[in-house]
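Novice: only the shape, not the letters, is given here:
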């Protein structure tokens, strides 16, 4: 079996972060009728839907621990390893931390796909870990019906630099470091309608590390931060609003998005995860058009950082984004947070 000829997406029913269980179903899974003891050293658990768990080490620093894995979002095995790894490491950056160690999670249908293909996945993972300055130090593998890959990642952060999604304040301005639309493009790929000249757009975006998060963690005017993944921009923003007891106004035309997605939306290239997302949190959003919904609820795999900053620091913040290689088209304030005064969390204008 030649690894170069394998199309991994043919072996899975879902793709990337679009495989995630919907927010509404996840609420039911996480609910516990039993009151459990809480470790006083646990600074962040799952009560705020943050990107990772954080444990106070008692010396002014904290351990960040996270895991993320999914089924293939692209056909190429090497790219799949890179994307899944960048996505997992992103959780540490989203907390303002520095990744220090990774171990692999591999599920492989050994009766359908050769070990050589899995080897390519791991090679891709090692390349991204090297970019992040960490070692892929081991892991665990199982024989599974569909290919699955991801990482468990540990990171470190000075507690004073720790960022959460629930600590925004009224008046904060919103930024997104990667353009939306990878779910639309990867769905077009699965449908066989993606133009060859557009084939590299989504993989390039998804393989890009959110390393800037470590830098942003050191800025006290960055009040809240999270990465945008399977729940789409609206889902992760609603979590930020709920955790901070705020509401948001989004200027749709200013939201960074991939230019090429429009022609695929015209061909109904909408991931199934988009509608699952909307069914879970659409009631929290004031009425929007279908086009807006298909973009703002599009499940992102290894998406960008959603950052809430103090308004008066916008110019300084935007220059830091430029200095760290964020594309100019993404360096735009697209929304504002304010005190909550109604049932709806998000308004799109």
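Specialist: Thanks, I have the structure now. These numbers come from a predicted model, not from an experiment.
Novice: give me the below-cutoff pLDDT ranges for the stretch 1-150 of the chain.
Specialist: Scanning the stretch 1-150 of the chain for pLDDT under 70 picks out 1-5, 11, 13-24, 26-27, 29-32, 34, 36-37.
Novice: can you pull out the strands in it?
Specialist: Remark: strands assigned in the stretch 1-150 of the chain by DSSP state E, counting those that start in this stretch are 42-44, 53-56, 61-70, 98-108, 135-143, 148-158.
Novice: CSV for those, including mean neighbour count and distance to residue 177?
Specialist: Backbone N, C-alpha and C define where each C-beta goes, glycine included. Output for these, formatted as CSV (neighbours: other C-beta atoms under 10 Å; distance: least, C-beta to C-beta, whole Å):
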stretch, mean neighbour count, distance to residue 177
strand 42-44, 18, 21
strand 53-56, 18, 21
strand 61-70, 21, 18
strand 98-108, 20, 17
strand 135-143, 13, 25
strand 148-158, 22, 18
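Novice: got the ones you listed as CSV, with distance to residue 28 columns?
Specialist: Shown next, in CSV, are those (distance: least, C-beta to C-beta, whole Å):
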stretch, distance to residue 28
strand 42-44, 22
strand 53-56, 21
strand 61-70, 21
strand 98-108, 24
strand 135-143, 26
strand 148-158, 23
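Novice: ok, which of those comes nearest residue 277?
Specialist: Evaluated over these, closeness to residue 277 peaks at strand 61-70, with 15.4 Å, by C-beta to C-beta.
Novice: helices and strands around that closest one, which ones?
Specialist: strand 53-56, helix 77-94, strand 98-108, strand 148-158 (3 or more C-beta pairs under 8 Å, 6 or more residues apart in numbering; DSSP states H and E).
Novice: quick one: contacts of it?
Specialist: Outside strand 61-70, the residues that touch it by C-beta atoms under 8 Å, 6 or more residues apart in numbering are 14-17, 19-20, 43, 51-57, 84, 87-88, 91-92, 95, 97, 105, 107, 148-159, 162, 301.
Novice: what's the first helix or strand after the helix or strand hosting residue 238?
Specialist: Element membership of residue 238, judged by DSSP states H and E, is helix 232-244. Sequence-wise, the next helix or strand downstream of helix 232-244 (DSSP H and E) is strand 246-250.
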